[in-house]
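Novice: generate a structure from the sequence data that follows.
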Amino acid sequence: MKILVSLVSLIAFLLVLLPGPLYKYGVVELSTAFAGFRFGVYVGGAALVLLVIQVIFMRKTLSMGSTLMALVFAAIAIAMPLSMMSKAKSVPAIHDISTDLINPPKFVAIVPLRADAKNPAEYAGEETATQQRKAYPELKTLNYAQSKTDLLAATEQAVKNLGFELVNVNVNAATGIVEATDTTTWFGFKDDVVVRINDEGSQRFVDIRSKSRVGRSDLGKNAERIHSLIDEINTLLDK
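Specialist: Numbering: from 1, shown residues only. Presented below is the predicted three-dimensional model:
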């Protein structure tokens, strides 16, 4: 019984741990990876049931090490997918976030990189904007007194500090554009970012847009990324 409990809990743990790397390196499709999560919850629950049976009816077969390991593996297998599901329910099922919902910054150099992406480079539309206004009302155009040159330099450095891949820095008379790609650690999802700096007299207006290449819901990741980028830019400007 001890071996069965350990084996089932280990399988449950692997069902939620491996889908990310397997998808990241092209071994399985995204739907298969998510199916692993679902099965992981079921197998984790089965492991807990077997553990309870062992505790009640086969207490002599228990050992501290194997029991603790089985409990931890089963708990992780259940908690991780449920945590993701809870997060998905707490945020809108959108994947295109912008501080300017009327005229969102447009991707330029990144467009060819998204050629095979399931989500097109074009802005997702008014339905997405409506959901964003309700979920992230704090995300609005930023206003700075610093020069466009200083803002471009801070943005480029912020992108590098956050570990994004810098794709493009483009400057013309009135506008500056910085484009970058952020690759998530676990699944290797690629999300693209564009920062637009408009120079209008004594003020500079900065807008940031972050969009996922795949998936209907980003689980709030794009909004979090914009917040992180804003915080990093502000920190660099304050130095």
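Novice: poorly predicted segments of the protein, please.
Specialist: Along the chain, no part satisfies pLDDT under 70.
Novice: quick one, helices of it?
Specialist: Secondary structure of the chain (DSSP state H): helices at 2-17, 19-24, 30-57, 64-90, 126-135, 148-161, 221-238.
Novice: can I get those helices in CSV with mean neighbour count and distance to Pro120?
Specialist: Glycine gets a C-beta too; all of them are placed from N, C-alpha and C. Output for the helices of the chain, formatted as CSV (neighbours: other Cβ atoms under 10 Å; distance: least, Cβ to Cβ, whole Å):
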stretch, mean neighbour count, distance to Pro120
helix 2-17, 19, 31
helix 19-24, 19, 21
helix 30-57, 17, 17
helix 64-90, 16, 22
helix 126-135, 14, 12
helix 148-161, 19, 23
helix 221-238, 18, 15
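Novice: may I see those organised as TSV, with distance to Lys211 added?
Specialist: TSV is the format used below for these (distance: least, Cβ to Cβ, whole Å):
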stretch	distance to Lys211
helix 2-17	27
helix 19-24	19
helix 30-57	17
helix 64-90	18
helix 126-135	10
helix 148-161	15
helix 221-238	7
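Novice: which one of these lies closest to Val108?
Specialist: The minimum distance between Val108 and these falls on helix 148-161, with 14.9 Å, by Cβ to Cβ.
Novice: my read is that Val108 contacts Val169, right?
Specialist: No: counting by Cβ atoms under 8 Å, Val169 is not a contact partner of Val108; they are 10.9 Å apart.
Novice: now list whatever residues contact both of those two.
Specialist: Common contacts of Val108 and Val169, defined by Cβ atoms under 8 Å, 6 or more residues apart in numbering, comprise Ile177, Glu179.
Novice: the two: which is more packed in?
Specialist: Val169 (17 against 14; other Cβ atoms under 10 Å).
Novice: please name the nearest non-neighbouring residue to Lys160.
Specialist: Leu166 (6.4 Å; Cβ to Cβ, 6 or more residues apart in numbering).
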